[in-house]
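# can you look at this prediction? I've put the sequence above it.
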Amino acid sequence: DAGVIQSPRHEVTEMGQEVTLRCKPISGHDYLFWYRQTMMRGLELLIYFNNNVPIDDSGMPEDRFSAKMPNASFSTLKIQPSEPRDSAVYFCASSFYARGNTEAFFGQGTRLTVV
Amino acid sequence: DAKTTQPTSMDCAEGRAANLPCNHSTISGNEYVYWYRQIHSQGPQYIIHGLKNNETNEMASLIITEDRKSSTLILPHATLRDTAVYYCIVSSSDSGGSNYKLTFGKGTLLTVNP
(Lines give C-alpha, C1' and ligand atoms only; values in the text may rest on other atoms or scores of the structure.)
Protein backbone atom coordinates (compact mmCIF):
# COMPACT_ATOMS: atom_id res chain seq x y z
CA ASP A 1 0.00 0.00 0.00
CA ALA A 2 1.23 3.51 -0.77
CA GLY A 3 0.26 4.75 2.65
CA VAL A 4 -1.96 7.70 3.43
CA ILE A 5 -1.99 10.06 0.48
CA GLN A 6 -2.69 13.75 0.86
CA SER A 7 -3.09 16.36 -1.82
CA PRO A 8 -1.98 18.91 -2.57
CA ARG A 9 1.37 18.90 -0.77
CA HIS A 10 1.52 22.67 -0.86
CA GLU A 11 -1.23 25.22 -1.27
CA VAL A 12 -0.95 28.99 -1.41
CA THR A 13 -4.18 30.92 -1.56
CA GLU A 14 -5.50 34.38 -0.98
CA MET A 15 -7.54 35.32 2.03
CA GLY A 16 -11.23 34.76 1.43
CA GLN A 17 -10.78 31.91 -1.02
CA GLU A 18 -12.09 28.41 -0.51
CA VAL A 19 -9.51 25.72 0.15
CA THR A 20 -10.06 21.98 -0.12
CA LEU A 21 -7.59 19.48 1.25
CA ARG A 22 -7.85 15.83 0.25
CA CYS A 23 -6.94 12.56 1.88
CA LYS A 24 -6.92 8.95 0.74
CA PRO A 25 -6.58 6.61 3.73
CA ILE A 26 -4.97 3.20 3.70
CA SER A 27 -7.31 0.60 2.27
CA GLY A 28 -9.16 -1.33 4.96
CA HIS A 29 -8.67 1.26 7.68
CA ASP A 30 -11.83 2.24 9.51
CA TYR A 31 -10.65 5.39 11.31
CA LEU A 32 -9.58 8.66 9.73
CA PHE A 33 -8.18 11.67 11.56
CA TRP A 34 -7.51 15.26 10.51
CA TYR A 35 -4.84 17.24 12.40
CA ARG A 36 -3.47 20.74 12.12
CA GLN A 37 0.03 21.70 13.18
CA THR A 38 1.44 25.15 13.90
CA MET A 39 4.45 26.31 15.87
CA MET A 40 2.25 28.02 18.42
CA ARG A 41 -0.36 25.32 19.02
CA GLY A 42 1.45 22.14 18.11
CA LEU A 43 -0.44 19.18 16.66
CA GLU A 44 -4.18 19.60 17.14
CA LEU A 45 -6.83 16.99 16.40
CA LEU A 46 -9.59 18.64 14.36
CA ILE A 47 -12.01 15.80 13.65
CA TYR A 48 -12.08 12.06 13.25
CA PHE A 49 -14.31 9.53 11.50
CA ASN A 50 -15.19 5.92 12.16
CA ASN A 51 -16.57 3.98 9.20
CA ASN A 52 -17.11 7.27 7.36
CA VAL A 53 -19.17 8.78 10.22
CA PRO A 54 -17.84 11.83 12.10
CA ILE A 55 -17.33 10.86 15.74
CA ASP A 56 -15.76 13.90 17.32
CA ASP A 57 -15.47 17.31 15.68
CA SER A 58 -14.85 19.27 18.85
CA GLY A 59 -11.45 20.34 17.56
CA MET A 60 -12.78 22.09 14.49
CA PRO A 61 -11.94 25.72 15.15
CA GLU A 62 -15.05 27.35 13.70
CA ASP A 63 -17.80 27.09 11.13
CA ARG A 64 -15.46 28.00 8.34
CA PHE A 65 -14.04 24.49 8.64
CA SER A 66 -15.91 21.43 7.42
CA ALA A 67 -14.90 17.84 6.78
CA LYS A 68 -16.56 15.04 4.88
CA MET A 69 -15.93 11.39 4.22
CA PRO A 70 -18.26 10.30 1.41
CA ASN A 71 -16.72 6.82 1.24
CA ALA A 72 -14.04 4.70 2.84
CA SER A 73 -11.44 5.81 0.33
CA PHE A 74 -11.68 9.57 0.46
CA SER A 75 -12.02 12.50 2.82
CA THR A 76 -11.90 16.25 2.41
CA LEU A 77 -11.26 19.15 4.75
CA LYS A 78 -12.64 22.42 3.47
CA ILE A 79 -11.99 25.94 4.69
CA GLN A 80 -14.29 28.68 3.47
CA PRO A 81 -13.46 31.49 3.57
CA SER A 82 -9.79 31.04 4.36
CA GLU A 83 -7.89 33.44 6.62
CA PRO A 84 -4.16 34.02 7.19
CA ARG A 85 -4.40 32.40 10.65
CA ASP A 86 -5.38 29.14 8.95
CA SER A 87 -1.84 28.83 7.62
CA ALA A 88 -0.49 25.55 8.95
CA VAL A 89 0.43 22.00 8.00
CA TYR A 90 -2.62 19.77 7.85
CA PHE A 91 -2.15 16.05 8.40
CA CYS A 92 -4.48 13.21 7.67
CA ALA A 93 -4.05 9.86 9.41
CA SER A 94 -5.82 6.52 9.27
CA SER A 95 -5.91 3.43 11.43
CA PHE A 96 -7.55 0.05 11.74
CA TYR A 97 -9.16 -0.59 15.07
CA ALA A 98 -8.09 -3.62 17.02
CA ARG A 99 -8.43 -3.68 20.78
CA GLY A 100 -5.22 -2.45 22.27
CA ASN A 101 -3.79 -1.14 19.01
CA THR A 102 -4.25 2.41 17.86
CA GLU A 103 -1.33 2.60 15.45
CA ALA A 104 -2.14 5.50 13.19
CA PHE A 105 -0.44 6.09 9.86
CA PHE A 106 0.08 9.69 8.85
CA GLY A 107 0.29 11.26 5.44
CA GLN A 108 3.01 13.69 4.46
CA GLY A 109 0.77 16.66 5.14
CA THR A 110 -0.47 19.66 3.20
CA ARG A 111 1.32 22.93 3.89
CA LEU A 112 -1.29 25.67 3.58
CA THR A 113 -0.33 29.32 3.28
CA VAL A 114 -3.07 31.93 3.22
CA VAL A 115 -1.86 35.37 2.18
CA ASP B 1 -7.93 11.58 27.75
CA ALA B 2 -5.29 11.37 30.46
CA LYS B 3 -2.67 14.07 30.17
CA THR B 4 1.03 13.41 29.85
CA THR B 5 4.06 15.38 30.95
CA GLN B 6 7.35 15.22 29.10
CA PRO B 7 10.55 17.25 29.25
CA THR B 8 10.74 19.89 26.57
CA SER B 9 14.11 18.78 25.24
CA MET B 10 16.89 16.27 25.74
CA ASP B 11 20.32 15.60 24.27
CA CYS B 12 21.99 12.29 23.61
CA ALA B 13 25.33 11.26 22.18
CA GLU B 14 25.32 9.19 19.03
CA GLY B 15 25.62 5.49 19.78
CA ARG B 16 24.43 5.86 23.36
CA ALA B 17 21.02 4.91 24.70
CA ALA B 18 18.38 7.62 24.75
CA ASN B 19 15.92 7.38 27.63
CA LEU B 20 12.83 9.55 27.24
CA PRO B 21 10.56 9.83 30.29
CA CYS B 22 6.83 10.46 30.40
CA ASN B 23 4.50 10.99 33.33
CA HIS B 24 0.85 9.97 33.02
CA SER B 25 -0.31 9.89 36.61
CA THR B 26 -4.04 10.05 35.77
CA ILE B 27 -4.02 7.13 33.34
CA SER B 28 -7.03 4.86 33.67
CA GLY B 29 -7.18 1.09 33.51
CA ASN B 30 -8.22 0.80 29.88
CA GLU B 31 -5.74 3.32 28.50
CA TYR B 32 -2.63 2.35 26.61
CA VAL B 33 0.62 4.29 26.40
CA TYR B 34 1.70 5.14 22.86
CA TRP B 35 4.87 6.71 21.57
CA TYR B 36 5.16 8.51 18.27
CA ARG B 37 7.92 10.62 16.83
CA GLN B 38 8.00 13.38 14.26
CA ILE B 39 11.06 14.09 12.22
CA HIS B 40 11.20 17.63 10.92
CA SER B 41 8.50 18.41 8.32
CA GLN B 42 7.24 14.82 8.18
CA GLY B 43 4.07 13.26 9.56
CA PRO B 44 4.27 11.58 12.96
CA GLN B 45 5.46 7.97 12.98
CA TYR B 46 4.32 5.24 15.34
CA ILE B 47 7.07 3.74 17.51
CA ILE B 48 5.59 1.45 20.14
CA HIS B 49 2.73 1.04 22.61
CA GLY B 50 1.93 -0.91 25.76
CA LEU B 51 -0.60 -1.44 28.52
CA LYS B 52 1.32 -2.60 31.58
CA ASN B 53 4.01 -4.96 30.46
CA ASN B 54 7.32 -3.83 29.03
CA GLU B 55 7.46 -3.97 25.26
CA THR B 56 10.24 -4.14 22.71
CA ASN B 57 10.30 -3.93 18.95
CA GLU B 58 12.88 -3.23 16.28
CA MET B 59 12.79 0.49 16.99
CA ALA B 60 12.67 0.84 20.76
CA SER B 61 11.76 -0.51 24.17
CA LEU B 62 8.98 0.74 26.40
CA ILE B 63 9.25 0.43 30.16
CA ILE B 64 6.04 1.08 32.11
CA THR B 65 6.17 1.36 35.89
CA GLU B 66 4.12 -1.07 37.93
CA ASP B 67 1.65 1.63 38.98
CA ARG B 68 1.45 2.73 35.32
CA LYS B 69 1.89 6.36 36.27
CA SER B 70 5.01 6.81 34.19
CA SER B 71 6.94 5.23 31.36
CA THR B 72 10.27 5.46 29.58
CA LEU B 73 10.99 5.06 25.91
CA ILE B 74 14.44 3.67 25.26
CA LEU B 75 16.30 3.97 21.97
CA PRO B 76 19.17 1.57 22.62
CA HIS B 77 21.72 3.00 20.17
CA ALA B 78 20.71 6.47 19.09
CA THR B 79 21.75 7.71 15.65
CA LEU B 80 21.66 11.18 14.13
CA ARG B 81 18.51 10.15 12.27
CA ASP B 82 16.72 9.69 15.61
CA THR B 83 16.73 13.45 16.13
CA ALA B 84 13.02 14.24 16.33
CA VAL B 85 10.16 15.29 18.58
CA TYR B 86 8.93 12.31 20.60
CA TYR B 87 5.33 12.24 21.76
CA CYS B 88 3.96 10.17 24.62
CA ILE B 89 0.19 9.67 24.37
CA VAL B 90 -2.37 7.77 26.39
CA SER B 91 -5.47 6.56 24.62
CA SER B 92 -8.42 4.39 25.45
CA SER B 93 -8.60 0.92 23.98
CA ASP B 94 -12.39 1.01 23.96
CA SER B 95 -13.90 0.56 20.55
CA GLY B 96 -15.51 3.49 18.84
CA GLY B 97 -16.85 6.52 20.65
CA SER B 98 -15.05 9.69 21.56
CA ASN B 99 -12.43 7.95 23.67
CA TYR B 100 -10.66 6.40 20.73
CA LYS B 101 -8.38 9.13 19.56
CA LEU B 102 -4.76 10.26 19.73
CA THR B 103 -4.25 13.66 21.33
CA PHE B 104 -0.72 14.97 20.99
CA GLY B 105 0.99 17.17 23.56
CA LYS B 106 4.15 19.20 23.04
CA GLY B 107 6.49 16.22 23.13
CA THR B 108 10.23 16.06 23.79
CA LEU B 109 12.73 17.32 21.23
CA LEU B 110 15.52 14.75 21.25
CA THR B 111 18.74 15.95 19.69
CA VAL B 112 21.33 13.28 18.96
CA ASN B 113 24.80 14.78 18.79
CA PRO B 114 27.78 13.36 16.90
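Now that the structure is in, tell me what you want to look at. Numbers count the residues shown, from 1 in each chain, chains lettered A, B, ... in the order given.
# center of the chain - which residue?
Since you didn't name a chain, this refers to chain A. Geometric centre of chain A, nearest residue: A:Trp34, 3.0 Å, by Cα atoms, centre = their mean.
# that's the wrong chain, I wanted chain B
Centre-nearest of chain B using Cα atoms, centre = their mean is B:Trp35, 3.0 Å out.
# which element, helix or strand, includes that residue?
In this assignment (DSSP states H and E), B:Trp35 forms part of strand B:31-38.
# ok, then the element right after that strand?
Following strand B:31-38 in sequence, per DSSP H and E, is strand B:45-50.
# partner strands of the following helix or strand past that next one, with direction?
As assigned by DSSP H and E, the chain's next helix or strand after strand B:45-50 is strand B:55-56. The pairing partners recorded for strand B:55-56 under DSSP bridges are strand B:61-64 (antiparallel).
# which residue is the nearest non-sequential neighbour of B:Glu31?
Nearest residue to B:Glu31, sequence neighbours excluded (Cβ to Cβ, 6 or more residues apart in numbering or on different chains): B:Val90, at 4.6 Å. Quick note: C-beta positions are derived from backbone N, CA and C, even for glycine.
# so what's the residue count around the one you found?
Residues lying near B:Val90 (other Cβ atoms under 10 Å in any protein chain shown) number 22.
# which helix or which strand is home to it?
Under the criterion of DSSP H and E, B:Val90 resides in strand B:84-92.
# what sits up against that strand?
A:43, A:102, B:1-2, B:4, B:6, B:20, B:22, B:24, B:27-28, B:30-40, B:44, B:47, B:71, B:73, B:99-105, B:107-110 (Cβ atoms under 8 Å, 6 or more residues apart in numbering or on different chains).
# now list the buried members of those residues.
Among the contacts of strand B:84-92, the ones that count as buried by 16 or more other Cβ atoms under 10 Å in any protein chain shown are A:43, A:102, B:1-2, B:4, B:6, B:20, B:22, B:24, B:27, B:31-38, B:44, B:47, B:71, B:73, B:99-104, B:107-110.
# noted, bye for now.
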